[in-house]
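In: build the 3D model from these lines:
(one chain, ligands or ions: 2)
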Amino acid sequence: MSVTLESEVRFLRGVGERRMQNYRKLGVTTVGDLLRHIPRDYIDLRRAVTIRESTLGEKQAVRAVLGEKGPERMIRKGLTTHKLIGVDERDTITLTFFNGKYTVAGLEVGREYLFYGRVEGTLIRREMTNPAVYPGDAAGLSPVYPLTAGLTNRGIAKDAATALAALPEIPDPLPEWVREENHLCSLDRALRIIHRPPSWEAAERARRRLVFDELLTLSISFARVKKGRQGERTRPMEPVDLAPFRKALPFPLTGAQERAIREAAGDLCSQVPMNRLVQGDVGSGKTMVAAACCWFCYRNGRQSVLMAPTEILAEQHYQSLAPLLEPLGMRLGLLTGSCTPKEKRERKAALKQGEIDLMIGTHALITGDTLFRELGLVVTDEQHRFGVAQRMRLCGKGEDPNVLVMSATPIPRTMALIVYGDLELSVIDELPPGRQKIDTYFVGGDKRRRALNYVKKHLDAGYQGYIVCPLVEEDETGEGIPGLKAAVTYMEDLVKGPFAGYRVGLLHGKMKGKEKEAVMSAFAAGKLQLLVSTTVIEVGVDVPNAVIILIENAERFGLSQLHQLRGRVGRGKAKSCCILLSDAKGEAARERLRFMTSTGDGFAIAEYDLRTRGPGDFFGLRQHGLPQLRFADLAADSQVLAQTQRVAARLLAEDPELSSLPLLAADVERMTAMVSGGL
Ligand code: ADP
Ligand code: MG
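Out: Numbers count the residues shown, from 1 in each chain. Ligands and ions are numbered 1, 2, ... in the order given. Now for the predicted structure:
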């Protein structure tokens, strides 16, 4: 039987049951998966040097003959060393292997090898620790794969070579013109080259082809999901005098808020449905922009819906917007998971009758029986928390919904492009006046006591504060329960110990909606002095009298998340501060936390996060409803993305079903399944 891309890897010569299990751990089941398990880097063996030529402190390949193998020595239990000597015509190099029994056993005295690693020692003595070893005739770039126990770089490379030798030419899913116009090599060539490229240029060319295919299928999938919205026309709204709205506010709007409102109002009055992202740092006042738009709709006789990621946030929006908008004649409703069935029924009925002008809620809103009489605007707050699927479902509820999304997380334009389509952007780049910089301190665990006392001092002065611990968060699987216990114990210890006698509230994701609400509103009303919480308070919660936040195990959070948490304070006129408590010893973790103390700029923080943790992590691709990408890096491959967007549009215009491109259609099918997972 001949090998195909669909064959299981165990059909390859040299791959048995055991090896296949190991491959599984890497997500590799078929031969096609194996070929798409591409190197994350290469070791350049083209410039192998002699021992004398090697540069101290640098990683390089040194060519030497194995002169002698020392015996294995046990340093302590579980740790052995071997010392080997490599020689060339003039010099010797000491090669030390830790736990390298199998590697060493495979080496023959008298044979030539390339030893790759960092060269250390002195001018006259060279040594290398745990070098990667290649046969002396190895050349070109040697692949470095993502690995798992039982698999080595050499082993994977060998299996890939076996597969490629057994496979006939790999058919190409792309039509000729796409390849030509975008200067792409064939898929066959890309897969053959990428595992053993003759040069860096060749490797990059091969990678670019794979990135292109991946982003093209992604672009086509999104274009399809969005197709419902394309070419839509909406009934334009009439301009509205915003003076009564402004007059109802306790403060003048900032210039940036005014601009965002003007831009959104322009959209609402046009024929094309609004699709606008309002991006502004925490505390910049995005809610008022949304409120203005809802008022605008109301004056046009249309309903609005405001969707928040958590019940607490929904509740808070309701508490702050109702007193503002109801005196202006608007009728507001609240719909969350913790409404009783009767309340839900009544509120949904009122909504359908058109007796509610603005419905605020959580994704409990997105059930099939939530109907509007005339939905004009969908606002989603803290957008990054929602997947594409959820948003699409909500948008399906209006004939011609205008969409406004609000986010404090800077989303790069490229990313926004695929997730949201042709989206307009309003940036709120100005904070309301009188805000002060939040002083941020990074404090070691040995000073925990002092930090807690510092929190107390603020409470004694009549202010409120937060203590956040990262142990558990709204874990739907239930696996987090032991962690929850730890969180609750920690909280209770604080209440009984350092904060005995203070009015302390506890908040965590496993509490019932009603309980959470009660705690939150008591805190907002000033009845509680301290809120000890897991990260449920992360987004949006707004209590201006809270001026201090202490974050435990701060190293466990992403920087953008820390920034969000920090944004819970500094919302009033008083000086606020944030204490990052951490026992982290690692320099990288400490460096990250130190960076937090140096800036309050959310965009700078997001960038730093992106640089140090990689895009997959920071942008929370999964939270955006994007599948984990295999080849593409959305930050680095934005140009390719722009190309694939154009190609996707053309392909779909010519052949909406892609019936002439069955291979591509199948890839798109798979991608769509991943994209719209919960749709
Ligand atoms: P975010 O952009 O993080 O959602 P919010 O909308 O919650 O910010 O606003 C943060 C705080 O600033 C709220 O207490 C809000 O009432 C207040 N606020 C909003 N706009 C202004 C303004 N123009 N002047 C003064 N305070 C404002
Ligand atoms: Mg907000």
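In: contacts and neighbour counts: CA atoms only from here.
Out: Fine.
In: so which residues on this structure come close to ligand 1?
Out: 251-254, 280, 282-288, 432, 540, 542, 571 (C-alpha under 6 Å from any ligand atom).
In: ok, so of these, who is nearest Leu216?
Out: The shortest approach to Leu216 among the residues of the chain next to ligand 1 belongs to Gly280, at 30.6 Å (C-alpha to C-alpha).
In: relative to Leu35, which of the residues of the chain next to ligand 1 is nearest.
Out: Minimum distance to Leu35 across those is 42.7 Å, recorded for Gly280 (C-alpha to C-alpha).
In: wait, is Thr81 part of a strand?
Out: Yes: judged by DSSP: H, G, I helix; E, B strand; the rest coil, Thr81 forms part of a strand.
In: quick one, what contacts it?
Out: For Thr81, the contact set (C-alpha atoms under 8 Å, 6 or more residues apart in numbering) comprises Glu72, Arg73, Met74, Ile75, Thr96, Phe97, Phe98, Asn99, Gly100.
In: find the closest residue to ligand 1 in the stretch 401-550 of the chain.
Out: Nearest residue of the stretch 401-550 of the chain to ligand 1: Pro432, at 4.4 Å (C-alpha to the nearest ligand atom).
In: these two touch, right, that residue and Ala256?
Out: No: between Pro432 and Ala256 there is no contact under C-alpha atoms under 8 Å: 9.3 Å.
In: buried sites along the longest strand along the chain?
Out: The longest strand of the chain (DSSP state E) is strand 59-69. Of all the residues in strand 59-69, those buried under the rule 16 or more other C-alpha atoms under 10 Å are Lys59, Gln60, Ala61, Val62, Arg63, Ala64, Val65, Leu66, Gly67, Lys69.
In: and stretch 329-337, end to end?
Out: 27 Å (C-alpha to C-alpha, to the nearest Å).
In: pLDDT on it, on average?
Out: Averaged over stretch 329-337, pLDDT sits at 93.
In: mind listing residues that contact that stretch?
Out: 295, 298, 311, 314-315, 318, 322, 325-326, 344, 347, 355-365, 513.
In: 6 Å instead, please
Out: For stretch 329-337, the external contacting residues (C-alpha atoms under 6 Å, 6 or more residues apart in numbering) are Ile356, Asp357, Leu358, Met359, Ile360, Gly361, Thr362, Ala364.
In: ok so, going back, most neighbours among the contacts of Thr81, please name it.
Out: For those, neighbours were counted using other C-alpha atoms under 10 Å, and Phe97 has the most, 20 neighbours in all.
In: so what's that residue closest to, chain neighbours aside?
Out: Asn130 (4.7 Å; C-alpha to C-alpha, 6 or more residues apart in numbering).
In: can you read off the pLDDT for the one you found?
Out: pLDDT, Asn130: 90.
In: burial check on the closest residue to Pro175 other than its chain neighbours, number of neighbours?
Out: In space, and not counting its chain neighbours, Pro175 is closest to Leu661: 7.6 Å by C-alpha to C-alpha, 6+ apart. Residues within reach of Leu661, counting by other C-alpha under 10 Å, total 15.
In: of the residues of the chain next to ligand 1, which is the nearest to Ala206?
Out: Gly280 (39.0 Å).
In: and for Lys437, the neighbour number?
Out: With other C-alpha under 10 Å as criterion, Lys437 counts 12.
In: could I get the full set of helices for the stretch 101-250 of the chain?
Out: Here the stretch 101-250 of the chain has its helices, by DSSP state H, counting those that start in this stretch, at 101-105, 153-166, 176-181, 187-194, 200-226, 243-248.
In: so among the residues of the chain next to ligand 1, where is pLDDT lowest?
Out: Gly540 (54).
In: any idea which helix or strand comes after the helix or strand bottoming out on mean pLDDT in the chain?
Out: Sorting the helices and strands of the chain by mean pLDDT, DSSP states H and E puts helix 615-618 at the bottom, at a mean of 41. Using DSSP states H and E, the next helix or strand after helix 615-618 towards the C-terminus is helix 638-654.
In: okay, the next helix or strand after that following helix in PDB with CA atoms only?
Out: With elements assigned by DSSP H and E, the helix or strand that comes after helix 638-654 is helix 662-675. Output of helix 662-675 as PDB, limited to C-alpha atoms (Å, rounded to 0.1, in the frame of the first residue of the first chain):
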ATOM      1  CA  PRO A 662     -11.900  20.800  -3.900                       C
ATOM      2  CA  LEU A 663      -8.600  20.500  -1.900                       C
ATOM      3  CA  LEU A 664      -8.800  24.200  -0.800                       C
ATOM      4  CA  ALA A 665     -12.500  23.700  -0.100                       C
ATOM      5  CA  ALA A 666     -11.700  20.800   2.300                       C
ATOM      6  CA  ASP A 667      -9.000  22.900   4.100                       C
ATOM      7  CA  VAL A 668     -11.500  25.700   4.500                       C
ATOM      8  CA  GLU A 669     -14.100  23.300   5.800                       C
ATOM      9  CA  ARG A 670     -11.700  22.100   8.500                       C
ATOM     10  CA  MET A 671     -10.800  25.700   9.400                       C
ATOM     11  CA  THR A 672     -14.400  26.800   9.500                       C
ATOM     12  CA  ALA A 673     -15.200  24.000  11.900                       C
ATOM     13  CA  MET A 674     -12.500  25.300  14.200                       C
ATOM     14  CA  VAL A 675     -13.500  29.000  13.800                       C
END
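In: which element, helix or strand, includes Arg373?
Out: With DSSP H and E as the criterion, Arg373 is inside neither a helix nor a strand.
In: can you report how many residues lie near it?
Out: By other C-alpha under 10 Å, the residues close to Arg373 number 18.
In: does it touch Gly354 like I think?
Out: Yes: here Arg373 reaches Gly354: they are 5.2 Å apart, a contact under C-alpha atoms under 6 Å.
In: re earlier: Ala166: which of the buried residues of strand 59-69 is nearest?
Out: Ala61 (31.0 Å).
In: for that closest one, list each beta-bridge partner.
Out: Tyr116 (DSSP bridges).
In: quick check: pLDDT value at it.
Out: 92.
In: quick check, it in contact with Phe115.
Out: Yes: the pair formed by Ala61 and Phe115 meets the contact definition of C-alpha under 6 Å, at 5.3 Å.
In: ends of stretch 180-199, what's the gap?
Out: Using C-alpha to C-alpha, one end of stretch 180-199 lies 22 Å from the other.
In: in that stretch, what's buried?
Out: Here stretch 180-199 shows 184-198 as buried, counting by 16+ other C-alpha under 10 Å.
In: now do stretch 271-283
Out: Here stretch 271-283 shows Val272, Pro273, Met274, Asn275, Arg276, Leu277, Val278, Gln279, Gly280, Asp281, Val282, Gly283 as buried, counting by 16+ other C-alpha under 10 Å.
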